[in-house]
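Student: structure here, sequence nowhere to be found:
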Ligand code: CP
Ligand code: NVA
């Protein structure tokens, strides 16, 4: 059974195939008569809406679930919730506080699981980001991506995806907020030796794209003041964009905090492609679902028989 918990759960060829499917303007209704469960432990605008509309575009039926409603690990274990949802749904998408929750759901083996953002990874965002970069830059091999700011869930998936696309990558952030060594190993395993620096201008120098994300992610709110102080000097502003290649694009997964990680002149300026990214979330979601359908053929008998009466009639 194939899941998407981290972007490098896809082999490079599979990743390229998902991007091809993302560009398919006229997909078959491969989710006809299928449900897709979309469970959220955190808020969402883009992920929920793009996934719901992607499921509808493929003929399926999305069901939005607030995790508090099913009571994950309180009313019922994560494993029993996953097994239950698999009785009705072809796939389970989940946005979780702790990455281990999507791993536990996947370990049940009852339905393919898609990570809709965890504290560790945001693979659906990375698919849309690479689709956007390809639209903007054409072939990505050898092009330079600069990521400035917190080496968080979004950054991790983005940089691994960029490595899989054979891009050059530079990451700038203050000491203590960079990638752990396991992530750096994973980026290298994906084919890229990233430049890791504390200097945002060094990272942005000659870049084809500059990317940032919030300094305080969902679930880190108690650290907000400390992070605001730590990331001082890492705002992507016009002066930093001037270090990049002329015509370089600016990307941000959104939601953004203008005046913190990005200046309004950049995110609302001519180099910004944040709305193309947001739109690509839906196309990428559709492409990923199409790939998952092909990678996980439906079982012949999806569910146990309905109860029968004593004489065997239904
Ligand atoms: N970029 C992104 O995942 O946005 P949401 O948190 O609104 O889903
Ligand atoms: N890093 C951010 C991404 C939001 C889409 C967060 O986890 O809150």
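Tutor: Perfect, thanks for sending it. What you see is a predicted model, and the numbers here were worked out from it, not measured in a lab. Ligands and ions are numbered 1, 2, ... in the order given.
Student: when you work out contacts or count neighbours from here on, use the C-alpha atoms and nothing else.
Tutor: Noted.
Student: from residue 290, how far out is residue 297?
Tutor: Distance of residue 297 to residue 290, computed by CA to CA, to the nearest Å: 11 Å.
Student: who's more crowded, the two?
Tutor: The residue with more neighbours, out of residue 297 and residue 290, is residue 290; 23 against 9, by other CA atoms under 10 Å.
Student: wait, the more buried one sits on residue 20?
Tutor: No - using CA atoms under 8 Å as the test, residue 290 is too far from residue 20 to be in contact (10.6 Å).
Student: so what sits against both of those two?
Tutor: Counting by CA atoms under 8 Å, 6 or more residues apart in numbering, no residue touches both residue 290 and residue 20.
Student: list the contacts for residue 134?
Tutor: Per CA under 8 Å, 6+ apart, neighbours of residue 134: residue 140.
Student: could you look up the SS state of it?
Tutor: helix (DSSP: H, G, I helix; E, B strand; the rest coil).
Student: tell me which parts of the protein are close to ligand 2?
Tutor: 152, 153, 154, 214, 217, 218, 253, 254 (CA under 6 Å from any ligand atom).
Student: what's around the residue of the stretch 101-250 of the chain found nearest ligand 1, how many residues?
Tutor: The stretch 101-250 of the chain approaches ligand 1 most closely through residue 125 (6.2 Å), counting by CA to the nearest ligand atom. Using other CA under 10 Å, residue 125 has 29 neighbouring residues.
Student: over to the one 10 residues further on?
Tutor: Counted with other CA under 10 Å, residues neighbouring residue 135 total 13.
Student: the residue of the stretch 101-250 of the chain closest to ligand 1 against residue 253, yeah?
Tutor: Yes - Residue 125 is within contact range of residue 253, at 6.9 Å (criterion: CA under 8 Å).
Student: what touches both of those two?
Tutor: In contact with both residue 125 and residue 253: residue 154, using CA under 8 Å, 6+ apart.
Student: can you map out the helices along the stretch 201-314 of the chain?
Tutor: 224-230, 238-241, 264-267, 274-295 (DSSP state H, counting those that start in this stretch).
Student: go through those helices and pick out the most buried.
Tutor: Most buried of these by mean neighbour count (mean count of other CA atoms under 10 Å) is helix 274-295; its value is a mean of 22.
Student: for that helix, packing partners?
Tutor: Judged by 3 or more CA pairs under 8 Å, 6 or more residues apart in numbering; DSSP states H and E, the packing partners of helix 274-295 are helix 12-22, helix 46-57, helix 123-137, strand 249-252.
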